[in-house]
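Colleague: okay, sequence plus prediction incoming.
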Amino acid sequence: MTTSILVVDDEETARMVISEFLRSKGYEVLEAGTLGDARIIVKEGKADVIILDVQLPDGYGPHLLDEVARLPMRPQVIIITAHGEVSMAVDAMKAGAQDFIEKPLDLIKLEAAVKRANEVISMRRELNHWRASLGKNLEFIVGSSPQMAHVVELARRASEMSVSALITGPTGTGKEVLARFIHQSGPRAGKPFIDINCPAIQPTMFESELFGHEAGAFTGATQRRIGLMEVANDGILFLDEISSMPMDLQAKFLRALEERAFRRVGGTKLIDVDVQIIAASNRNLREMIEKHEFREDLYYRLKVVDLDLPTLAERKDDIPELVGYFVRRFNMRQGSNILDVSPRAMEAMMNYNWPGNIRELSNTIERAVLFCDDPVIDINHLPLEVVNYKKKP
């Protein structure tokens, strides 16, 4: 993931030396010779790290700290001080500066300070996108059905080799849970898992969400935005219901996958990424290809490993294990103490066809735990459609 560094120094030679050194290390560098120019760049959200001189022609450099502190994604600030200004630098660090370096600059020390700042920036980006996923229980129930055993074995291989995977199956079969299982089982565990709900994104904003944009790239783009593909660097990008991705973006996404690089909307710099892609769809992508609604080349690029999840009706032997898991889960969540499920309640659940698959079973058990005042879930705690279901002859 590319980190943008703003170098603020009124001495052109010093600014050029710092900038060229950092560019040689792979950073994106912006320059400002005055406090006013720096404020403009900071306001547009272009700077992740600021290297800030103290004495500037139009003001006192550390005054920028107060303005930076109010930003939602506060840049890390490294103060450049002249000899004898160390006490001032200490005060600046108390005010929010991340580090300080004395002149004459030691570029090795500067690089180390930038690396420390970059670690903080990377952590913030990841946490910002992980918050929505916090608290999700990611335990994965394999069950005993041969279909699921085969799917899980393929998923493990995709995880170990960090290759693209395409997860297919009807709604509610657990596609996101399987994607998270792949994340947790392989070398990218502990790295970002960024999920994108494709149908929820407006087609006109999809490219910006995926690749990010620069300030001024389009009307309303007042600040730089980091795209989710960049945030997922070193980790996994999960595209749920990828069939909703607009056709024109599919070509750009394919190119980004093949080159492992892309440009932000309105940007010129190529951003390198190392991302494992997992896509999911409940639609028949082959049929969409025939109707020219999905790109065939993208389909095969995603389908390095094909994971087709069975319906719950096709793996009914797993229902008792899944019921036990959901009872434990909702006991903890609701503070209940359900100990068992009666034989007739289990029989009703085994007979039902579960059109909503595992998601419907989960909702059914959650409802049962909520309304059960006894230690055992019985048939009267189940929805009527489950209790009254009759198998077709």
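Modeller: Yes, it's here.
Colleague: can you pull out the helices in the stretch 1-150 of the chain?
Modeller: If DSSP state H, counting those that start in this stretch is used as the criterion, the helices of the stretch 1-150 of the chain fall at 12-24, 35-43, 64-69, 86-94, 107-130, 146-161.
Colleague: between those helices, which one is nearest to Glu230?
Modeller: When these are compared by CB to CB, helix 107-130 sits nearest Glu230, at 8.2 Å. All C-beta atoms are positioned from the backbone trio N, CA, C, and that covers glycine.
Colleague: I'd say Met100 and Thr81 touch.
Modeller: Careful, residue 100 is Phe; it's not Met. Yes: using CB atoms under 8 Å, Phe100 makes contact with Thr81 at a distance of 5.5 Å.
Colleague: tell me what Asn197 is bridged to.
Modeller: For Asn197, the beta-bridge partners are Asp240 (DSSP bridges).
Colleague: how deep is it tucked in, by neighbour count?
Modeller: Counted with other CB atoms under 10 Å, residues neighbouring Asn197 total 12.
Colleague: what do you get for the one 5 residues further on?
Modeller: Per other CB under 10 Å, the neighbour tally for Gln202 reads 9.
Colleague: can you pull the pLDDT of it?
Modeller: pLDDT for Gln202: 91.
Colleague: for Asp272, see how far away it is.
Modeller: Plainly put, Gln202 is 28 Å away from Asp272 if you go by CB to CB, to the nearest Å.
Colleague: of the helices of the stretch 1-150 of the chain, flag the one that's most buried.
Modeller: helix 35-43 (a mean of 18; mean count of other CB atoms under 10 Å).
Colleague: can you tell me the centre-most residue of this structure?
Modeller: By CA atoms, centre = their mean, the chain has its centre lying nearest to Ile194, at 1.7 Å.
Colleague: do I have it right that that one meets Leu228?
Modeller: Yes: in this structure Ile194 lies within contact range of Leu228 using CB under 8 Å: 5.1 Å.
Colleague: all the strands of the stretch 151-300 of the chain, residue numbers only.
Modeller: Along the stretch 151-300 of the chain, the segments classed as strands by DSSP state E, counting those that start in this stretch run 165-168, 193-197, 212-213, 225-226, 236-240, 261-262, 271-272, 276-281.
Colleague: as a markdown table, these with mean pLDDT and distance to Val151 would be great.
Modeller: Converted to a markdown table, those look like this (pLDDT from 0 to 100; distance: least, CB to CB, whole Å):
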| stretch | mean pLDDT | distance to Val151 |
| --- | --- | --- |
| strand 165-168 | 97 | 9 |
| strand 193-197 | 95 | 19 |
| strand 212-213 | 92 | 34 |
| strand 225-226 | 90 | 34 |
| strand 236-240 | 97 | 16 |
| strand 261-262 | 95 | 31 |
| strand 271-272 | 93 | 32 |
| strand 276-281 | 97 | 13 |
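Colleague: wait, which of the ones you listed is closest to Ile51?
Modeller: With CB to CB as the criterion, Ile51 lies closest to strand 225-226 of the strands of the stretch 151-300 of the chain, at 20.0 Å.
Colleague: quick one: the closest one to chain centroid distance?
Modeller: 13 Å (CA atoms, centre = their mean, to the nearest Å).
Colleague: would you mind splitting this protein into its domains for me?
Modeller: Under the assignment automatic domain parsing, the domains of the chain span 4-125, 136-308, 312-387.
Colleague: and the ones you listed, which one's lowest on average pLDDT?
Modeller: Averaging pLDDT over each of these singles out domain 4-125 as the lowest, with a mean of 86.
Colleague: picking up where we left off before, nearest residue to the residue nearest to the centre of the chain other than its sequence neighbours?
Modeller: Excluding the flanking residues, the one nearest Ile194 by CB to CB, 6 or more residues apart in numbering is Ala232, at 4.1 Å.
Colleague: same deal with Ser281?
Modeller: In space, and not counting its chain neighbours, Ser281 is closest to Ser243: 4.7 Å by CB to CB, 6+ apart.
Colleague: am I right that that neighbour is in contact with Ala279?
Modeller: No: using CB under 8 Å, Ser243 makes no contact with Ala279, being 9.1 Å away.
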